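could you work out the structure for the sequence below:
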Amino acid sequence: MLDLHRCSSTLTATSVIEIKQYSASLRQEAVKVLADAFVANPLHIAAFGAGRVDRNRLFFRIGLEHMFTGAAFVAVAGGKVRGYIHFNASPRCLPPAEAIPAFAAERLQPVKEAVPRLIEWFSRWSRLDPEEPHAHLGPIGVAPEYQGQGIGAALMNRYVEHLEREGIEGYLETDRAGNVEFYKKFGFAVMREEKLIGVDTWYMRRPRG
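Numbers count the residues shown, from 1 in each chain. Now for the predicted structure:
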């Protein structure tokens, strides 16, 4: 998922978008970027409430602390983290659906009011995860004031390079119709659409190529 709304801040003509491997030392910056990027996303509003940056920060802090597998990168411009991307190869890209309630009960107590909705949300995603070998994208986010300036595309290009190098499919979920069109530019197509915790959600795949 990626929030693609444009905001007023711009990169200067001399700014270079550098894609760097993520490390724990960048967690605080990455958490802020992700929380700010996702706070207005429909699934996050349904789970945490409108405008709850605090709950989104807790959610992403917990998430980044427990993402032990897969690949993660940040987009750096002007010396600061402006975007983040994570992708993980199947079959370990998501925990089994039956393991999610216990994880949520143990690890997500700081956002306990949202736990039932988070369990429903991620259990559904886990059950729909394709059986074919793939690299599962998520999360991907760009700081709101720097969206629409090529950072999201630079992160996606890094992901697509991985897919092509490994010769595997790509897979993602999104809750924004505008994102569907963005991902289509990178070879993704919608395979399923449904309501999830009351929110329109699209499931997209990119074939091996």
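
use CA for all of it now, contacts and neighbours both
OK.

so the nearest residue to Lys195 once chain neighbours are set aside: helix, strand or coil?
Take Lys195 and drop its neighbours on the chain: the residue closest to it by C-alpha to C-alpha, 6 or more residues apart in numbering is Thr201, 5.9 Å away. Applying DSSP: H, G, I helix; E, B strand; the rest coil to Thr201 yields a three-state assignment of strand.

isn't Thr201 right up against Val180?
No - Thr201 is beyond contact range of Val180, at 9.9 Å (criterion: C-alpha atoms under 8 Å).

which residues do those two both contact?
Thr174 (C-alpha atoms under 8 Å, 6 or more residues apart in numbering).

name the residues of the worst-scoring helix or strand of the chain on mean pLDDT that come out as buried.
Ranked by mean pLDDT, DSSP states H and E, the weakest helix or strand in the chain is helix 100-107, scoring a mean of 91. The neighbour-count check on helix 100-107 (16 or more other C-alpha atoms under 10 Å) flags 100-101, 104, 107 as buried.

now, among those, which is nearest to Leu58?
Arg107 (10.7 Å; C-alpha to C-alpha).

about what we covered before: beta partners of the residue nearest to Lys195?
Taking DSSP bridges as the rule, Thr201 bridges to Glu194.

now do Glu18
Listed by DSSP bridges, the beta-bridge partners for Glu18 are Val76.

and the gap between it and Pro139?
Here the criterion is C-alpha to C-alpha, to the nearest Å. By it, Glu18 lies 18 Å from Pro139.

all strands of this protein, in order?
Per DSSP state E, the chain carries strands over the ranges 18-21, 71-77, 80-89, 134-142, 169-174, 189-196, 199-206.

export these to CSV and tack on mean neighbour count?
Output for the strands of the chain, formatted as CSV (neighbours: other C-alpha atoms under 10 Å):
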stretch, mean neighbour count
strand 18-21, 16
strand 71-77, 21
strand 80-89, 23
strand 134-142, 25
strand 169-174, 23
strand 189-196, 14
strand 199-206, 20
